[in-house]
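Enquirer: Structure here, sequence nowhere to be found:
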């Protein structure tokens, strides 16, 4: 029986008055001993053993037991016994059955002078001749019963029964206090576990790891024997097993199942926790999501809700019949809510990661386009010279001469090459229609959203110092973002052990032109002195895995915006890259 919470009373609170004072000299010292238990221990099981030893000794009983009402089954279950009065391996006794069951059901004590003449007596111990039992009553009702047995007829007197009633009542009150303490201790541990689980869950960015952790935490926190986590697809109206935590490795299908054929449907439809006392009954055998394990008995099913949307369900199983109380449901709901938030966070992370991947691919394509433009630009000059020289040769062969055809073909191919170079240059040039008046603060803010996860993974702290007033530029937003991304990633690579990046934005005036200035300051190792004057040259890189195209392309992009980029400062303490752009008029 679970001593972390009080047993379920058999009736509503009665406000039973305290027992009357007794003239029996044994009662007062015994009451003191019972009351002192609350100060000597916080273990209900230890207190039960102490109580039974006291009762057996005080009334010179040959055997005895204390049985409590199980909150799960509603039966009397023996918790402690001496003398073989009621072995604990016997099934629970229904209320109203036997002497003890009758006492609990009727809330009255009973003295049986000779068990041979008592029809309510159920023989468990052959030597028993006399029995007395008293219900354990407190303000909330009956919590259990004390049963004492004697090997002699008339082994107990009516005065013994009166004293036992008083002592049993005090014992019930002490046990209730101990149960409350144990209950509060359990709630404190659960709260600590919930906080710890929440901190652990929000760090899980890989979804399968999150599912496995959530199933394991739910099983441990609710003292279950197994736990299943199912994801719900509202579009297809199906559920799919995402994680399983149990003592036995089961072969479970992860194929999506129709919701209407599943046990979890009730929790998803109602958006509330649902409990089942015994899932091994015939009513559950055809359900598609019930694991093939005959030891699974009771189930608590809790939906994972995020902003009213059901993301999945957590199913906690026990290996015995258990009545999940409101505390269990609240705890499960809190854990499910944490899990839903963590799942949404993991999904958003995956989307951001995919967006970053697309951005990197687009950056490569842009780089390739600009590289092609640079190559085309370099080809155009010698091509122009070739075309001029060819035209100036003045070679005019006769129409029938094969060289006449060769000269015509050479002229056509030179024109074709010039057209190809022109198309490449026109394609690489950003259309002026894509330029717009944009705020530098907005461009930088949007760029930082794209790299925040990369910076966090690299242990790089970021500080953005926006201008005192908004600064607007006429620019191609995507290209300026590409320049900023390149500089931020370069700064991150320069700090393999982590560090900080500061972005400062402000106005300045140069030769009568109003400019916007962006400084990107890192705490990295600095640019090697040997390449400081050539960092904007194409194919120059300070990293083994670098292509040397990034800063060269950044320089070209800013030049197309009538701006510039420069190495403002560098050294062992860090590097400052400065971007300037003309302010929009």
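Expert: On my side now, so go ahead. The structure displayed is predicted, hence computed values, not measured ones.
Enquirer: Next one: residue 142 from residue 112, what distance?
Expert: 19 Å (C-beta to C-beta, to the nearest Å). For every residue, glycine as well, the C-beta is placed using N, CA and C.
Enquirer: Name the residue in those two with the higher neighbour count.
Expert: residue 142 (26 against 20; other C-beta atoms under 10 Å).
Enquirer: The spatially most central residue of the chain: what's its closest spatial neighbour, skipping adjacent residues?
Expert: The centre of the chain sits closest to residue 201, judged by C-alpha atoms, centre = their mean, with a distance of 3.1 Å. In space, residue 201 comes closest to residue 342 once its chain neighbours are excluded; the distance is 4.0 Å by C-beta to C-beta, 6 or more residues apart in numbering.
Enquirer: dump the residue contacts of the closest residue to residue 138 other than its chain neighbours.
Expert: Leaving aside its chain neighbours, residue 138 sits nearest to residue 172 (4.2 Å; criterion: C-beta to C-beta, 6+ apart). Contacts for residue 172 (C-beta atoms under 8 Å, 6 or more residues apart in numbering) come out as 136-138, 143-144.
Enquirer: Please, which helix or strand holds residue 172?
Expert: Using DSSP states H and E, residue 172 falls within helix 158-201.
Enquirer: Run the chain-centre distance for that helix.
Expert: 31 Å (C-alpha atoms, centre = their mean, to the nearest Å).
Enquirer: Quick check: mean pLDDT of that helix?
Expert: Averaged across helix 158-201, pLDDT comes to 84.
Enquirer: Stretch 453-470 now?
Expert: 90.
Enquirer: Same check on stretch 424-441?
Expert: Rounded mean pLDDT across stretch 424-441 is 73.
Enquirer: Between its first and last residues, what's the separation in it?
Expert: 33 Å (C-alpha to C-alpha, to the nearest Å).
Enquirer: Same check on stretch 275-282?
Expert: First-to-last residue span, stretch 275-282, C-alpha to C-alpha: 17 Å.
Enquirer: which other helices and strands contact the helix or strand hosting residue 406?
Expert: Per DSSP H and E, residue 406 falls inside helix 402-428. Applying 3 or more C-beta pairs under 8 Å, 6 or more residues apart in numbering; DSSP states H and E, we find helix 402-428 packed against helix 326-392.
Enquirer: Just want the angle from the helix it packs on to helix 402-428.
Expert: Relative orientation of helix 326-392 versus helix 402-428 (axes from the mean of the first three to the mean of the last three C-alpha atoms, to 10 degrees): 150 degrees.
Enquirer: gap between helix 326-392 and the chain center?
Expert: Distance, centroid of helix 326-392 to centroid of chain: 28 Å (C-alpha atoms, centre = their mean).
Enquirer: got it, and stretch 115-132?
Expert: Distance, centroid of stretch 115-132 to centroid of chain: 57 Å (C-alpha atoms, centre = their mean).
Enquirer: Can you give me the end-to-end span of it?
Expert: 10 Å.
Enquirer: Can you give the contact residues for that stretch?
Expert: 62-63, 83-87, 90, 93, 97-99, 102, 109-114, 147-156, 160-161, 164.
Enquirer: In helices, which of those residues fall?
Expert: 98-99, 102, 160-161, 164 (DSSP state H).
Enquirer: Save the residues you listed as JSON lines, and put in neighbour count and distance to residue 39 too.
Expert: Shown next, in JSON lines, are the ones in helices among the contacts of stretch 115-132 (neighbours: other C-beta atoms under 10 Å; distance: C-beta to C-beta, whole Å):
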{"residue": "98", "neighbour count": "24", "distance to residue 39": "35"}
{"residue": "99", "neighbour count": "21", "distance to residue 39": "33"}
{"residue": "102", "neighbour count": "19", "distance to residue 39": "34"}
{"residue": "160", "neighbour count": "22", "distance to residue 39": "27"}
{"residue": "161", "neighbour count": "17", "distance to residue 39": "28"}
{"residue": "164", "neighbour count": "26", "distance to residue 39": "23"}
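Enquirer: Which two of those have the greatest separation?
Expert: 98 and 160 (19.7 Å; C-beta to C-beta).
Enquirer: The stretch 1-150 of the chain: helices as residue ranges?
Expert: 27-40, 44-58, 98-106 (DSSP state H, counting those that start in this stretch).
Enquirer: now the angle between helix 27-40 and the helix holding residue 172, please.
Expert: 10 degrees.
Enquirer: So which of the ones in helices among the contacts of stretch 115-132 is the closest to residue 290?
Expert: residue 98 (36.5 Å).
Enquirer: Could I have the ChimeraX command that selects the buried members from the contacts of residue 172?
Expert: Typed into ChimeraX, the line below selects the buried ones among the contacts of residue 172, using 16 or more other C-beta atoms under 10 Å:
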select :136,137,138,143,144
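Enquirer: Please name whichever of the contacts of residue 172 scores lowest on pLDDT.
Expert: residue 138 (81).
Enquirer: if we can go back for a sec, need the contact list for the residue nearest to the centre of the chain.
Expert: Residue 201 neighbours (C-beta under 8 Å, 6+ apart): 210, 213-214, 217, 338-339, 342.
Enquirer: and of the residues you listed, the nearest to residue 476?
Expert: residue 342 (38.4 Å).
Enquirer: For the closest one, grab the count of nearby residues.
Expert: Residues near residue 342, counting by other C-beta under 10 Å: 25.
Enquirer: Go ahead and confirm it touches residue 210.
Expert: Yes - the criterion here is C-beta atoms under 8 Å, and residue 342 meets it with residue 210 at 5.7 Å.
Enquirer: Now do the shared contacts for the two.
Expert: With C-beta under 8 Å, 6+ apart as the test, residue 342 and residue 210 both reach 201, 204.
Enquirer: Between its first and last residues, what's the separation in stretch 274-287?
Expert: 16 Å.
Enquirer: How far away from the center of its chain is it?
Expert: 28 Å.
Enquirer: For residue 320, which three-state class applies?
Expert: At residue 320 the chain is in coil, as set by DSSP: H, G, I helix; E, B strand; the rest coil.
Enquirer: Residue 285 versus that one, what's the distance?
Expert: 19 Å.
Enquirer: rewinding a little: any chance of the contacts of residue 172 in TSV with distance to residue 244 as columns?
Expert: What follows is the contacts of residue 172, written out as TSV (distance: C-beta to C-beta, whole Å):
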residue	distance to residue 244
136	42
137	45
138	42
143	38
144	38
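Enquirer: For whatever helix or strand residue 515 lives in, name the packing helices and strands.
Expert: For residue 515, the enclosing helix or strand under DSSP H and E is strand 513-522. Counting contacts by 3+ C-beta pairs under 8 Å, 6+ apart, strand 513-522 is packed against helix 440-457, helix 477-493, strand 499-510, strand 574-582.
Enquirer: Let's have the ones you listed in a markdown table, adding mean neighbour count and distance to residue 412.
Expert: Listed next are those as a markdown table, based on neighbours: other C-beta atoms under 10 Å; distance: least, C-beta to C-beta, whole Å:
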| stretch | mean neighbour count | distance to residue 412 |
| --- | --- | --- |
| helix 440-457 | 16 | 46 |
| helix 477-493 | 21 | 36 |
| strand 499-510 | 16 | 49 |
| strand 574-582 | 20 | 43 |
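Enquirer: For the residue in the chain sticking out farthest from the centre, which non-adjacent residue is closest in space?
Expert: For the chain, the largest distance from the centre (C-alpha atoms, centre = their mean) belongs to residue 398, which lies 85.3 Å off. Distance criterion C-beta to C-beta, 6+ apart; nearest residue to residue 398, sequence neighbours excluded, is residue 404 at 6.4 Å.
Enquirer: so how many other residues sit close to the one you found?
Expert: 14.
Enquirer: Might one say that it is in contact with residue 397?
Expert: Yes - look at residue 404 against residue 397 with C-beta under 8 Å: they come within range, at 4.0 Å.
Enquirer: returning to what we had before: contact partners for the residue nearest to residue 201?
Expert: 201-202, 204, 210, 214.
Enquirer: The nearest residue to residue 335 once chain neighbours are set aside: what's it in contact with?
Expert: Take residue 335 and drop its neighbours on the chain: the residue closest to it by C-beta to C-beta, 6+ apart is residue 218, 5.6 Å away. Residue 218 makes contacts with 224, 227, 229, 245, 314, 316, 332, 335-336, as judged by C-beta under 8 Å, 6+ apart.
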